[in-house]
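A.B. asks: Predicted model and sequence below, questions to follow.
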Amino acid sequence: MKPSIVALLMTVVAVRAAEPTVTEERMPGGISVIKITSADRRALASYRIDLSTHHYPAAGADDKLVKRFRSWRFGAFLCFNSNQYSGQEFCPSKDPVSEFQPTSLEVKEWIQTIKAAGMKYAVLTVRHTSELLLWDSQTSPVNVVNSAYRKDLVKEYVTECRRQGIEPGFYYCLWGNAWRPNPNARAIILAQLHELATRYGKIAYFWLDMPHLTGWLAKDLSQQELYDSLKNVHADTIVLFNNTIQDGSVVQASPTDVINGEMCLPPAHRHNPVRTVEGRTCYLPFEYEPCSQQRGYELLGRWDYPGAVWFTYGSGKPFVPSKPFPAEFLYHRIQLAYQRGAASVLLACAPDYTGKFRQEDVAQLLRLGQMLKDPSLAPPRSLTTGCRATASSVWDASYAAERAVDGDPATRWGAAKGATNGWLEVDLGKPATISRAVISEGWDRVRQFILEARIGDTWHPVTTGTTLGTYKELSFDRVTAQIFRLTITEATDVPTLWEFQLFPLKKQNVIPRP
């Protein structure tokens, strides 16, 4: 029986009144003893944190840790926490315990879904910005067992991952003074990570967020100490410190076993894993982290593509739901990441607030997984790739017309400043029969467009439309021509396109079910 709203509110009041005290005593030899005491001064737990031995990232590609990470190849970033209930990427909730009320949560189905998509590892957001812990922690009553769910979700997750052959990992937000002020932040973070590292057997992967941003990590806690605290439990645990929204060119957080591109592809000249960090040569494989979900065109940073959100937002709540990007859209980015040297891809995907994957999200993941596994099912190469392109105007040289036909979904054409219309023309080099176009627009600006083909000296309309958006697939009667032109007759701002692609008649590939 589900607890009543009154009972839940009473639980929340009791939870907040029962905040324990977490303190640290630093002992000789690099040992810290964390003591947790209840509000009525009862001893709840005591943890011995070993910071005595320093650890460093792998020095070469032959290191067993590097080989293990590279073998994973494709994983699920299970972004599931109180965000699904608040509708916000950075959840500011003051009462996440009472808000967390999944009605159909079944971890078994989560892992079945990602395994069927060909994923080999998973990372669960066990603590995000709202403070809600998805395990039964002694450090805080703001955890999942005091919610309507009542169970240790982390335990269920790890158990099911191991049962189905998926490597389990944890995401942990290194909240700090600016976000959740607490004079004992250092002791609390060390204690919480110790619980996660010791309660559930060997954990393959720790993904630690916001380590170097001013005001987040406790001022008296270093990244080296965090790294050592985990490595001294299990030396072969892989630890990633989020290097945030960049292409991995700069090591902003160290030590780290993996360098990442949070919503950023590796650089066009390929990822260089060999780095010198603080005088040491390190071998840092790259992890690309795209999002499977889209919600409007909100931006939290410099994304590969706008509108991406980490969390999955279901309909029926007082916020805008998210929708899955087309599998083809994600496929091109993932393949490009591999081509540029990414060792692995961690795709943000998760259930909505019910605790269950939506049907459309399952379909997206299965289709994507099958395309990655079987090249015959992959989207065909666009006939425009590498062709000569011209435009009515350009913003500057870095937004030239060719950027929309270079096969790189992270580059784009942009019209001149102030333009609200314009055209992009592509010469295929020889006549081709076209029956389909895929257009990827930067932001939702286009309000009217026409696609034309030049036959002889005359432009013939092929198809027309209103909006384009992140991924627009157009089908039309076959037309044979060498030169095609997309004219944007009306836009709310400067027209800009990531990709302008043309294809012959689409093959009706059947994606087999796993």
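C.D. replies: All right, it came through fine. Numbers count the residues shown, from 1 in each chain.
A.B. asks: When you work out contacts or count neighbours from here on, use the C-alpha atoms and nothing else.
C.D. replies: OK.
A.B. asks: If you count neighbours, what's buried in stretch 470-482?
C.D. replies: 470-471, 474-475, 479-482 (16 or more other Cα atoms under 10 Å).
A.B. asks: Could you tell me the average pLDDT over that stretch, please?
C.D. replies: Taken as a whole, stretch 470-482 has a mean pLDDT of 94.
A.B. asks: distance of the nearest residue to residue 77 once chain neighbours are set aside from residue 293?
C.D. replies: Closest residue in space to residue 77, ignoring its immediate chain neighbours: residue 348 at 4.3 Å, by Cα to Cα, 6 or more residues apart in numbering. Distance, residue 348 to residue 293, using Cα to Cα, to the nearest Å: 8 Å.
A.B. asks: same check, this time on residue 59
C.D. replies: From residue 59 to residue 293 the distance is 36 Å (Cα to Cα).
A.B. asks: Between these two, point out the one with more neighbours.
C.D. replies: residue 293 (23 against 17; other Cα atoms under 10 Å).
A.B. asks: which one is the more buried one nearest to, not counting chain neighbours?
C.D. replies: residue 324 (4.5 Å).
A.B. asks: quick one, what contacts the one you found?
C.D. replies: Residue 324 is in contact with 292-294, 360-361, 364, counting by Cα atoms under 8 Å, 6 or more residues apart in numbering.
A.B. asks: for residue 416, same thing?
C.D. replies: Taking Cα under 8 Å, 6+ apart as the test, what residue 416 contacts is 393-396, 494.
A.B. asks: In CSV, list these along with neighbour count, distance to residue 33 and secondary structure.
C.D. replies: Output for those, formatted as CSV (neighbours: other Cα atoms under 10 Å; distance: Cα to Cα, whole Å; DSSP: H, G, I helix; E, B strand; the rest coil):
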residue, neighbour count, distance to residue 33, secondary structure
393, 19, 65, coil
394, 21, 62, coil
395, 18, 59, coil
396, 12, 58, coil
494, 21, 59, coil
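A.B. asks: Most widely separated two among those?
C.D. replies: 396 and 494 (12.6 Å; Cα to Cα).
A.B. asks: Strands along the stretch 151-300 of the chain, start to end?
C.D. replies: 167-173, 205-209, 238-241, 259-262, 274-277, 280-283, 286-289, 293-294 (DSSP state E, counting those that start in this stretch).
A.B. asks: Please name whichever of those is nearest to residue 464.
C.D. replies: Using Cα to Cα, the nearest of the strands of the stretch 151-300 of the chain to residue 464 is strand 293-294, at 24.8 Å.
A.B. asks: Could you list the low-pLDDT ranges of the chain?
C.D. replies: 1-17, 176-180, 212-216, 298-303, 506-514 (pLDDT under 70).
A.B. asks: Adjacent strands (with direction) for the helix or strand that contains residue 432?
C.D. replies: Assigned by DSSP states H and E, residue 432 belongs to strand 422-441. Note on strand 422-441: by DSSP bridges, its sheet partners are strand 388-391 (antiparallel), strand 472-491 (antiparallel), strand 496-503 (antiparallel).
A.B. asks: ok, the residue nearest to residue 77 touching residue 311?
C.D. replies: Yes: applying Cα atoms under 8 Å, one finds residue 348 in contact with residue 311, separated by 7.4 Å.
A.B. asks: Overlap in contacts, the two.
C.D. replies: With Cα under 8 Å, 6+ apart, residue 348 and residue 311 have common neighbours 79, 293.
A.B. asks: Kindly provide the distance from the residue lying closest to residue 377 once chain neighbours are set aside to residue 332.
C.D. replies: Nearest non-adjacent residue to residue 377, counting by Cα to Cα, 6+ apart: residue 371, 5.1 Å away. Separation of residue 371 from residue 332 (Cα to Cα) stands at 10 Å.
A.B. asks: ditto for residue 257
C.D. replies: For residue 257, the distance to residue 332 - Cα to Cα - is 27 Å.
A.B. asks: Settle it for me: which of the two has more neighbours?
C.D. replies: residue 257 (25 against 17).
A.B. asks: so what's that one up against?
C.D. replies: So residue 257 contacts 57-58, 238-240, 283-285 (Cα under 8 Å, 6+ apart).
A.B. asks: go again using 10 Å as the cut-off
C.D. replies: 56-59, 65-66, 69, 205, 227, 237-241, 282-286 (Cα atoms under 10 Å, 6 or more residues apart in numbering).
A.B. asks: residues contacting the residue most central in space within the chain?
C.D. replies: The centre of the chain sits closest to residue 348, judged by Cα atoms, centre = their mean, with a distance of 3.9 Å. By Cα under 10 Å, 6+ apart, the residues touching residue 348 are 75-80, 122-124, 263, 289-293, 308-312.
A.B. asks: Next step: these restricted to strands.
C.D. replies: 75-78, 122-124, 289, 293, 308-309 (DSSP state E).
A.B. asks: Could you work out the most separated pair of those residues?
C.D. replies: Among the ones in strands among the contacts of residue 348, 122 and 308 lie farthest apart (Cα to Cα), at 19.6 Å.
A.B. asks: The two: which has the busier surroundings?
C.D. replies: residue 122 (28 against 25).
A.B. asks: Next one: that one from residue 51, what distance?
C.D. replies: Taken as Cα to Cα, the span from residue 122 to residue 51 is 27 Å.
A.B. asks: and residue 423, which of the strands paired with strand 422-441 is closest to it?
C.D. replies: strand 472-491 (4.2 Å).
A.B. asks: if we can go back for a sec, which of the contacts of residue 324 are buried?
C.D. replies: Buried members of the contacts of residue 324, counted by 16+ other Cα under 10 Å: 292-294, 361, 364.
A.B. asks: Can you pick out the most distant pair from these?
C.D. replies: 294 and 364 (12.7 Å).
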